[in-house]
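Peer 1: here are the coordinates; sequence isn't available:
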């Protein structure tokens, strides 16, 4: 078996202490380890004046929403949903979904994000749109979890909705179709307490149990959603999950902002995880996820960009910076959440949440990593590598990106994308939408 030895003066392992040496990667895309020197027979790949860092893990995204960027900006949540998401997102077909996914995933790769969980719900009464997302991921070479959303609320557009039987059957079928692809996987995602009926949520929880996979659900993103739970059940949203038997170690709760302390305790006790989307929460004025309260309880937290029209950026390292900054201003304490903690949430935390062997430069894990130019001005001076990555690094500093040992970004360009063609297609789409009544 061929082993590639990526030589660098600064390899960032799980302890976030950079070491000089080689990152040894076998030809199956698995890390053999970090060593001071290559072994005889290794194929050496030099990265002079560069650092090697783990690829970012984006635990919550809606790739199709990249097409809506600019259409719902600067609006309250419900107006954004009506004037942006429902008006344009509900009518997308496979071609448009593919373009949106290419745009979102290319921006992720370009910014050093190597894994994405795409929470997708524009099913249009079938699987063609879902397949378009997975095709875009495969074409670009990003590691992708499709959180296939289960949605039956009659207030949502028809293209978002499915019957319980269709949601289960189609999810099982699509999971079977991609079973042999090492970069693609599928996890169930009952949309939310308002977007999925109790039987639909029950079905999603059952799928997660059968598949031994996480189960994703939006929870308590907006303050009105907490009030709805109180009005309907007389208890908070997480209390309702717990009482129904839906809260467990497979639960991934997205946002989880408007909760009481007893609900945070219940999340920790159950072993559930939190998908924190700080930039989106600021963009929509949702509120502040109590990240430190979760971390202090031992809860696994990962970072997500959310949709392109609720953030407008797709870098999980941007999210790490936002996470740290938002925690500091919320606590009025500059030491509230360190860059090192934020970096860990963007890598190890996300990988653990998704139950994927990535997010670490360590033996046995997938070789998903970025090559960072240390001579880029955004990385200078290098007193502390992790702090620079979170607080000052720009995309200019990212020279190369590898997924499963395969290079997918070189010299700042996504290798398997015709960016000019994509730009023209997006320009034409925007023109058609502007011309529509």
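Peer 2: Thanks, I have it. Values in this document were obtained by computation on a predicted structure and should not be read as measured data.

Peer 1: now stretch 278-291, how far from the centre of its chain.
Peer 2: Using CA atoms, centre = their mean, to the nearest Å, the distance from the centre of stretch 278-291 to the centre of the chain it belongs to is 16 Å.

Peer 1: Span of that stretch from start to end?
Peer 2: Using CA to CA, to the nearest Å, the span of stretch 278-291 from its first residue to its last is 10 Å.

Peer 1: just for the chain, where's the confidence low?
Peer 2: Within the chain, no stretch falls below the threshold (pLDDT under 70).

Peer 1: Could you chop it up by domain?
Peer 2: Structural domains assigned to the chain are 3-54+359-414, 56-354, following automatic domain parsing.

Peer 1: Please identify the most buried of the ones you listed.
Peer 2: Greatest average neighbour count among the domains of the chain goes to domain 56-354 (a mean of 21), per mean count of other CB atoms under 10 Å. For glycine as for every other residue, the C-beta is placed from the backbone atoms N, C-alpha and C.

Peer 1: would you list the domains of the chain in a markdown table and tack on distance to residue 429?
Peer 2: As requested, those are arranged in a markdown table below (distance: least, CB to CB, whole Å):
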| stretch | distance to residue 429 |
| --- | --- |
| domain 3-54+359-414 | 19 |
| domain 56-354 | 7 |
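
Peer 1: Verify the contact between residue 319 and residue 279 for me.
Peer 2: Yes - here residue 319 lies in contact with residue 279, judged by CB atoms under 8 Å, at a distance of 5.9 Å.

Peer 1: which residues are common contacts for these two?
Peer 2: Overlap of the contact sets of residue 319 and residue 279 (by CB atoms under 8 Å, 6 or more residues apart in numbering) consists of residue 305.

Peer 1: and the spatially most central residue of the chain, what helix or strand is that in?
Peer 2: Most central in the chain under CA atoms, centre = their mean is residue 58, positioned 2.2 Å from the mean C-alpha point. Assigning secondary structure by DSSP states H and E places residue 58 in strand 56-61.

Peer 1: What lies in contact with the next helix or strand after that strand?
Peer 2: For strand 56-61, the succeeding helix or strand toward the C-terminus, using DSSP H and E, is helix 77-80. If you take CB under 8 Å, 6+ apart as the criterion, helix 77-80 is touched by 72, 221, 222, 284, 285, 286, 309, 310.

Peer 1: could you redo the last one with a cut-off of 7 Å?
Peer 2: Under the criterion CB atoms under 7 Å, 6 or more residues apart in numbering, residues 72, 222, 284, 286 lie in contact with helix 77-80.

Peer 1: Could you check how far the first one is from residue 153?
Peer 2: Just to be clear, that refers to residue 72. When CB to CB, to the nearest Å is the yardstick, residue 72 and residue 153 sit 19 Å from each other.

Peer 1: what does residue 408 give?
Peer 2: With distances defined as CB to CB, the gap from residue 408 to residue 153 amounts to 37 Å.

Peer 1: What of residue 368?
Peer 2: Look at residue 368 and residue 153: by CB to CB, they are 36 Å apart.

Peer 1: picking that back up, next one: the strand holding residue 58 to chain centre, how far?
Peer 2: Centre-to-centre, strand 56-61 and its host chain are 1 Å apart (CA atoms, centre = their mean).

Peer 1: Okay, now the sheet partners of it, with direction.
Peer 2: Partner strands for strand 56-61, per DSSP bridges, with pairing direction: strand 113-120 (parallel).

Peer 1: what packs against whichever helix or strand comes after the partner strand?
Peer 2: Later in the chain than strand 113-120, the nearest helix or strand by DSSP H and E is helix 128-140. In this structure, helix 128-140 packs against helix 94-110, strand 113-120, strand 143-150, strand 184-190, with contacts taken as 3 or more CB pairs under 7 Å, 6 or more residues apart in numbering; DSSP states H and E.

Peer 1: May I see the ones you listed arranged in TSV, with distance to residue 135 as well?
Peer 2: As requested, the helices and strands packed on helix 128-140 are arranged in TSV below (distance: least, CB to CB, whole Å):
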stretch	distance to residue 135
helix 94-110	6
strand 113-120	12
strand 143-150	10
strand 184-190	10
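
Peer 1: what's the closest of the ones you listed to residue 356?
Peer 2: Nearest of these to residue 356, taken as CB to CB: strand 113-120 at 6.5 Å.

Peer 1: give the contact list for the residue nearest to residue 14 when sequence neighbours are not counted.
Peer 2: Counting by CB to CB, 6 or more residues apart in numbering, the nearest residue to residue 14 once its immediate chain neighbours are dropped is residue 360, at 5.1 Å. The neighbours of residue 360, taking CB under 7 Å, 6+ apart as the test, are 14, 54, 348.

Peer 1: Equivalent analysis for residue 367, please.
Peer 2: For residue 367, the set of contacting residues under the criterion of CB under 7 Å, 6+ apart consists of 25, 29, 30, 31, 402, 404, 405.

Peer 1: Start and end of stretch 359-379, how far apart?
Peer 2: End-to-end distance (CA to CA), stretch 359-379: 21 Å.

Peer 1: was I right about residue 397 contacting residue 372?
Peer 2: Yes - at 5.3 Å, residue 397 and residue 372 qualify as touching, with contact defined as CB atoms under 7 Å.

Peer 1: what sits in contact with each of the two?
Peer 2: With CB under 7 Å, 6+ apart applied, the overlap between the contact sets of residue 397 and residue 372 consists of residue 379.
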